[in-house]
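Q: With the sequence up front, the predicted model follows.
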Amino acid sequence: MKISDIFQTKKTVFSLEVFPPKKTSKIDTIYDTIERLSDLNPDFISVTYGAGGTGTGSLTAKIASDLKNTYHIEPLAHLTAIHTTRQQATDILTELRENGIENVLALRGDLHPELPIPGDFKYASDLTQFITDFGGFDICGACYPEGHPESDNLISDVTNTRPKIEAGATHLISQLFFDNNDFYAFLDRAKLAGITVPIEAGIMPVINKAQIERMVSTCGASLPRKFAHMVSRYEHDPEALFDAGIAYAVDQIIDLIASGVDGIHLYTMNNPRVAHLIYTRIRKVLEASNKA
């Protein structure tokens, strides 16, 4: 099933994200995670292109295939552009198609100094156009409520999102953010720019200080006063910070659903316990939204 069709039938889509295990871990670990996440009945689960974008497309394709054919959950397979050749993209898309995968998230991907840059795809929009021309896939794109770290300003950032839509993306998933007002402001800018596709809000439950520092350094998300106070108050009490982080994410999600967001995309960090704790607290709100 194409994800664009899910947005046509549900007022608030609920999805999850998992990533392939590191090279030092057994692949079975991801299936333990998926088994436990399947209880949440997500509308789809996205599978990243390896940690930091360095994983193989084959592993992503295998996990996506198993999601579809074993767990009967719609997968969204990530595909990155910057270090991928046209032939590699063709091979991965062919493998996805052969396994019944219909949905792809087209990303530029992170730059890695040790990896070659073929130059076939400079931007995510270039890869999106390639997938559109390849045919048979529903394409998702990424967006950045606080602006992409390499963007000059928020206006140019949302302007640079338009080519993804024009190239064939039917919906967007946002980068994580901690202040809902940043997301609402982005929606306003997107509307002014003529972007009308569904936009899911990406939520990252932050449950320890190290995770906070890592996320801020890699994605550039700002920390609102409420969030910073929470971290400062509980940073030396891991159990309290865990509970506070769950509560903060739940508060974000409930506010977003009440405001009519198109969907919630939960970055699980392969932690089923966290996903379950959050889902338990938002389930009734989700159900009420989709009945309205």
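A: Done, it's in. Residues are numbered from 1 along each chain as shown.
Q: Run through the strands of the chain in chain order.
A: Along the chain, counting by DSSP state E, strands occupy 13-18, 44-47, 75-80, 103-107, 138-143, 169-174, 199-203, 263-267.
Q: Nearest to Thr159, out of these?
A: For Thr159, the closest of the strands of the chain is strand 138-143, at 11.9 Å, according to C-beta to C-beta. Every residue, glycine included, has its C-beta placed from N, CA and C.
Q: distance of Ala190 from Ala106?
A: 18 Å (C-beta to C-beta, to the nearest Å).
Q: what about Thr161, neighbour count?
A: Using other C-beta atoms under 10 Å, Thr161 has 27 neighbouring residues.
Q: thinking it is in contact with Gly194, fair?
A: No: counting by C-beta atoms under 8 Å, Thr161 stays clear of Gly194, with 10.4 Å between them.
Q: Looking at Ala190 and Ala106, which has the bigger crowd around it?
A: Ala106 (30 against 20).
Q: contacting residues for Gly136?
A: Shown in contact with Gly136 (C-beta atoms under 8 Å, 6 or more residues apart in numbering): Arg97, Glu102.
Q: can you check Met269 too?
A: Met269 neighbours (C-beta under 8 Å, 6+ apart): Met204, Pro205, Gln211.
Q: burial measure for the last one, as a count.
A: If I follow you right, that is Gln211. Neighbourhood size, Gln211 [other C-beta under 10 Å]: 15.
Q: what's the closest non-adjacent residue to it?
A: Nearest non-adjacent residue to Gln211, counting by C-beta to C-beta, 6 or more residues apart in numbering: Met269, 7.7 Å away.
Q: ranges for the helices of the stretch 1-150 of the chain?
A: 3-9, 28-37, 57-69, 86-98, 124-134 (DSSP state H, counting those that start in this stretch).
Q: Worst mean pLDDT among those helices?
A: Among these, helix 57-69 carries the lowest mean pLDDT, at a mean of 89.
Q: elements contacting that helix?
A: On a contact count with 3 or more C-beta pairs under 8 Å, 6 or more residues apart in numbering; DSSP states H and E, helix 57-69 meets helix 28-37, strand 44-47, strand 75-80, helix 86-98.
Q: what's it in contact with?
A: 18, 20, 27, 30-31, 34, 45, 47-50, 73-79, 84, 88, 91-92, 95-96, 99-101.
Q: just to revisit the earlier point, make TSV from the helices of the stretch 1-150 of the chain and add distance to Ala228 and mean neighbour count to it.
A: TSV is the format used below for these (distance: least, C-beta to C-beta, whole Å; neighbours: other C-beta atoms under 10 Å):
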stretch	distance to Ala228	mean neighbour count
helix 3-9	34	17
helix 28-37	30	16
helix 57-69	35	21
helix 86-98	41	16
helix 124-134	31	20
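Q: Met230: which of these is closest?
A: helix 28-37 (25.9 Å).
Q: starting at the chain centroid, how far to that closest one?
A: Using C-alpha atoms, centre = their mean, to the nearest Å, the mean C-alpha position of helix 28-37 is found 18 Å from that of the whole chain.
Q: Using CSV, write out every CA atom in it.
A: Extracted in CSV, the C-alpha atoms of helix 28-37 (Å, rounded to 0.1, in the frame of the first residue of the first chain):
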residue,chain,number,x,y,z
ASP,A,28,18.4,-10.7,14.8
THR,A,29,18.3,-7.8,17.2
ILE,A,30,16.3,-5.7,14.8
TYR,A,31,13.7,-8.4,14.5
ASP,A,32,13.3,-8.5,18.3
THR,A,33,12.6,-4.8,18.1
ILE,A,34,10.2,-5.1,15.3
GLU,A,35,8.3,-7.9,17.0
ARG,A,36,7.7,-5.7,20.0
LEU,A,37,6.9,-2.6,17.9
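Q: quick check: angle from that helix to strand 13-18?
A: 160 degrees (axes from the mean of the first three to the mean of the last three C-alpha atoms, to 10 degrees).
Q: now for helix 28-37, which elements pack on it?
A: strand 13-18, helix 57-69, helix 272-291.
Q: and for the shortest one, what are the contacting residues?
A: Counting by C-beta under 8 Å, 6+ apart, strand 13-18 makes contact with 3, 6-7, 30, 33-34, 37, 40, 42-48, 63, 76, 173, 198, 200, 262-268, 270, 275, 286, all of which sit outside it.
Q: what pLDDT, on average, does that strand get?
A: Average pLDDT, strand 13-18: 98.
Q: List the buried residues in stretch 272-290.
A: Pro272, Val274, Ala275, Leu277, Ile278, Tyr279, Arg281, Ile282, Val285, Leu286, Ser289 (16 or more other C-beta atoms under 10 Å).
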